[in-house]
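Asker: Sequence and predicted structure are below.
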Amino acid sequence: MKLQGKIAAITGGTAGMGRGIAEAFLAEGASVALFARNAEKGVKVLEELGAGDRAIFVAGDVMQQSDLEGFVDHVIAHFGTLDILVNNAGGAGDLQPLVNLSDHAFDEAMKWNVYSTFWATRRALPTMLEKGKGRVINISSMEGKHGKAVLTAYSAAKHALNGMTKSLAREVGAAGVTVNAICPGIVITDIIRNNGPATAKAMGMEFEEMIDLFASEAAIKRPNTVEEVAAVAVLLASEAGGGITGQQISVDGGTAQY
């Protein structure tokens with residue numbers, strides 16, 4: 001029970017890696033607050049988790065500053081504090097060669113991946129700083145270390161997210177707050193199954209070819225799993241992770257190797 005009694009807020013918490021992290025945190029004794037757009041799905045996920053009063057759901061859009069700030073405020077009001085913030089929500093958005101990429105699409109990539117993290121973290125930090133302890137975990141991507149054609153806006157956003165992680169870690173480390181990013185490789189979630197075909201098409205290949213390509217770039221020659229990402233999140237959120245901060249930890253099967 002590495003997280004016994006801890007309170008965690010997770011954006012994009014009802015599916016994919018966000019849900020996997022929520023399940024892992026609950027198994028380690030934490031209470032979790034999930035944030036996502038689909039209220040009906042949020043209620044269903046709470047039922048499936050079966051965690052009783054240790055899990056709540058708040059509906060909202062990570063593209064909206066007021067929604068995110070309201071989420072953090074609600075978590076603190078409901079549970080009385082906040083120990084762990086997982087900025088998981090994000091995505092690739094419009095996939096176009098740069099010459100065809102609109103200002104709006106580029107702005108959306110930044111709002112989805114960078115501004116959302118900025119807004120939620122800024123709101124959560126005062127509570128953590130007052131306590132003299134806290135964990136901020138940003139879900140980045142191997143595209144925050146590499147780059148791929150037609151993923152220019154997404155890659156730029158994830159590089160920015162990694163830079164925010166490094167700088168903020170130096171700002172708040174002496175106050176007892178750690179800030180880290182996890183950089184997953186390809187992880188086969190419902191989001192990938194639903195949106196992956198469009199990504200593959202933009203890259204000029206079939207969905208299965210894209211998955212094979214990503215897997216071939218990894219040392220382990222397979223996609224990573226949600227559970228492998230969640231295990232690293234548990235470490236970073238726990239007391240054992242107290243000496244780790246400012247890092248961009250690859251969970252990509254050896255694709256980046258740094």
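Answerer: Here it is on my side, so go on. The shown structure was predicted, so the numbers you read here are calculated from the model rather than taken from an experiment.

Asker: Helix or strand: which one has N180?
Answerer: If you go by DSSP states H and E, N180 is part of strand 177-184.

Asker: chain center to that strand, what's the gap?
Answerer: Relative to its chain's centre, strand 177-184 lies at 9 Å (C-alpha atoms, centre = their mean, to the nearest Å).

Asker: strand partners of it, parallel vs antiparallel please.
Answerer: The strands beside strand 177-184 in its sheet (DSSP bridges) come out as strand 134-139 (parallel), strand 248-251 (parallel).

Asker: elements contacting the top helix by length along the chain?
Answerer: Ranked by residue count, the top helix of the chain under DSSP state H comes out as helix 152-172. If you count contacts as 3 or more C-beta pairs under 8 Å, 6 or more residues apart in numbering; DSSP states H and E, helix 152-172 packs onto helix 103-110, helix 116-131, strand 134-139, strand 177-184, strand 248-251. C-beta here means a position set from N, CA and C on the backbone, and glycine is covered the same way.

Asker: Packing partners of the helix or strand just after the strand holding N180?
Answerer: Next along the chain after strand 177-184, taking DSSP H and E as the criterion, comes helix 190-202. Under the contact definition 3+ C-beta pairs under 8 Å, 6+ apart, helix 190-202 sits against helix 16-27, helix 207-216.

Asker: Mind doing that once more with 7 Å?
Answerer: helix 207-216 (3 or more C-beta pairs under 7 Å, 6 or more residues apart in numbering; DSSP states H and E).

Asker: Going by neighbour count, list what's buried in the helix it packs on.
Answerer: By 16 or more other C-beta atoms under 10 Å, the buried positions in helix 207-216 come out as 210-211, 214-215.

Asker: Let me see the mean pLDDT of the helix or strand following that helix.
Answerer: Counting by DSSP H and E, the next helix or strand C-terminal to helix 207-216 is helix 226-237. Across helix 226-237, pLDDT averages out at 98.
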